[in-house]
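**Student:** Give me coordinates for this.
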Amino acid sequence: MSYLIKPANYKPLLDMKQTELGIKQIKEFFQQNLSSELRLRRVTAPLFVLKGMGINDDLSGTERPVTFPVKELGDQQAEVVHSLAKWKRLTLADYHIEPGYGIYTDMNAIRADEELGNLHSLYVDQWDWEQVITPEQRNIDFLKDIVRRIYAAMRRTEYMVCEAYPQITPFMAPEVHFIHAEELLQMYPDKSAKEREDLITKQYGSVFIIGIGGSLSNGKPHDLRAPDYDDWSTVDTKTGLPGLNGDLLIWNEVLGRAIELSSMGIRVDQMALTKQLQIAHKEERAQLYFHKRLLEGSLPLSIGGGIGQSRLCMLYLKKAHIGEIQASIWPEEMREECQRLGMNLI
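**Tutor:** Numbering: from 1, shown residues only. Below is the predicted model:
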């Protein structure tokens, strides 16, 4: 089911021409800062991959990829990517990237089963990035350091936007607040995961929730994660809590709720992959191309994630609907209601 958040008295701060220019400025500025901050080189990414290789991201495991037959390959099926979480790790190996360096790319995807609304579209555009790490860096302290560096690039971009458009005022918190999903559950045991996210993010402005994918003390994960890219099962020696991944949330004052800008984490090694496939009852995936490469040790240890381009632009430019940033397909009744409310969908 689609949804529509209707902020009271919404009025765009930029017209459509200014918005298009702002999108261009944000994308160019942020990706240059991200690249410099994490020492990433740009690579060209695929729009689709062959089915049955284990390369495509199956997200929570229920979303159907867009598929089509390839005539020149005997009608073998190809899939439009959901994300490039696993493809990037193969690319790190192919490019022989050294520890401390990595890659980023413009990822464009189609998610046909997405629930459409202010924050969700059929079309997904994000900066997908991946960096080679050492065994010693597979810990929460290193994860936090990377999150802080990404957030620093976001704050520099915010400053640029506010300088270019004085009608937009700064809103990002000075620093990120870190909390494990289990700790958040203990704070608000009677709330849903989304309600917990809103409460903590409204309090701190910018929050990184650690440990997404593994079951918490209530028997449920904070949110779903596939078992074969992020490491959500390894217990950190300092905290005693499982999970070396998380989500970066920012308080969106226009919509009055938290929005996820980035999902990221330290990736599975052989031990974590084997364990998580067992937990998810997906042991058969060990026979797929990507998984074989990882289990045989031919892929580097890495950390990586995705950063939503349209969501980031939406946040900076104080837009109420992601359709004000990107061209996509929307239910006609939603388009008409958005027009009435001042949300000019592209």
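
**Student:** got a list of contacts for the longest helix along the chain?
**Tutor:** Using DSSP state H, we find that the single longest helix of the chain is helix 140-164. The contact list for helix 140-164 (Cβ atoms under 8 Å, 6 or more residues apart in numbering) reads 22, 25-26, 29-30, 33-34, 37-38, 131, 133, 168-172, 175-176, 178, 206, 208, 210, 236, 238-239, 244-246, 248, 261-262, 264-266, 303, 307, 312, 316-317. Glycine gets a C-beta too; all of them are placed from N, C-alpha and C.

**Student:** would you list every one of the strands in this protein?
**Tutor:** 40-42, 48-50, 67-70, 76-80, 102-110, 123-132, 177-180, 206-210, 245-252, 257-266, 302-308 (DSSP state E).

**Student:** other SSEs contacting the fifth one?
**Tutor:** Think strand 102-110. When contacts are defined as 3 or more Cβ pairs under 8 Å, 6 or more residues apart in numbering; DSSP states H and E, strand 102-110 packs onto helix 16-38, strand 40-42, helix 85-94, strand 123-132, strand 302-308.

**Student:** and of the strands of the chain, who's closest to residue 323?
**Tutor:** strand 123-132 (9.9 Å; Cβ to Cβ).

**Student:** so where's this structure uncertain?
**Tutor:** Scanning the chain for pLDDT under 70 picks out 58-62.

**Student:** which residue of it sits farthest from its center?
**Tutor:** Using Cα atoms, centre = their mean, the residue of the chain lying farthest from its centre is residue 74. It sits 34.5 Å away.

**Student:** So that one versus residue 81, what's the distance?
**Tutor:** Using Cβ to Cβ, to the nearest Å, residue 74 is found at 22 Å from residue 81.

**Student:** if we can go back for a sec, winner for burial among the helices and strands packed on strand 102-110?
**Tutor:** For those, the largest average neighbour count (mean count of other Cβ atoms under 10 Å) is found in strand 302-308, namely a mean of 25.

**Student:** Determine the angle, from 0 to 180 degrees, between it and strand 245-252.
**Tutor:** Put simply, strand 302-308 runs at 20 degrees to strand 245-252, going by axes from the mean of the first three to the mean of the last three Cα atoms, to 10 degrees.

**Student:** tell me the angle strand 302-308 makes with strand 257-266.
**Tutor:** 160 degrees.

**Student:** Return the list of strands paired to strand 302-308, each annotated with direction.
**Tutor:** strand 123-132 (antiparallel), strand 257-266 (antiparallel) (DSSP bridges).

**Student:** Serialize those strands to CSV and add fields for distance to residue 163.
**Tutor:** Listed next are those as CSV, based on distance: least, Cβ to Cβ, whole Å:
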stretch, distance to residue 163
strand 123-132, 22
strand 257-266, 21
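
**Student:** nearest to residue 326, of the ones you listed?
**Tutor:** Closest among the strands paired with strand 302-308, using Cβ to Cβ: strand 123-132, at 6.0 Å.

**Student:** distance between the closest one and the chain's centre?
**Tutor:** 8 Å (Cα atoms, centre = their mean, to the nearest Å).

**Student:** i'd like the first residue to be 433 from this point on
**Tutor:** Sure, I'll start counting at 433 from here, so that last one is strand 555-564.

**Student:** what are the C-alpha coordinates of that strand, in CSV please?
**Tutor:** The C-alpha trace of strand 555-564 is given here as CSV (Å, rounded to 0.1, in the frame of the first residue of the first chain):
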residue,chain,number,x,y,z
TYR,A,555,13.6,4.1,-8.7
VAL,A,556,16.6,4.0,-6.3
ASP,A,557,19.7,6.0,-6.8
GLN,A,558,22.6,5.9,-4.4
TRP,A,559,26.3,6.1,-4.0
ASP,A,560,27.4,2.6,-3.4
TRP,A,561,30.9,2.4,-1.8
GLU,A,562,33.2,-0.3,-0.6
GLN,A,563,36.7,-0.1,1.1
VAL,A,564,39.2,-2.9,1.8
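
**Student:** so the residue nearest to residue 476 when sequence neighbours are not counted bridges to which residues?
**Tutor:** Leaving aside its chain neighbours, residue 476 sits nearest to residue 537 (6.8 Å; criterion: Cβ to Cβ, 6 or more residues apart in numbering). Counting by DSSP bridges, residue 537 is bridged to residue 560.

**Student:** surely residue 537 meets residue 473?
**Tutor:** No - using Cβ atoms under 8 Å, residue 537 makes no contact with residue 473, being 9.8 Å away.

**Student:** how much space between residue 697 and residue 454?
**Tutor:** 30 Å.

**Student:** How about residue 689?
**Tutor:** 22 Å.

**Student:** repeat for residue 733
**Tutor:** From residue 733 to residue 454 the distance is 38 Å (Cβ to Cβ).

**Student:** Same check on residue 735?
**Tutor:** Distance of residue 735 to residue 454, computed by Cβ to Cβ: 30 Å.

**Student:** Same check on residue 435?
**Tutor:** Distance from residue 435 to residue 454, by Cβ to Cβ: 26 Å.

**Student:** likewise residue 531?
**Tutor:** 36 Å.
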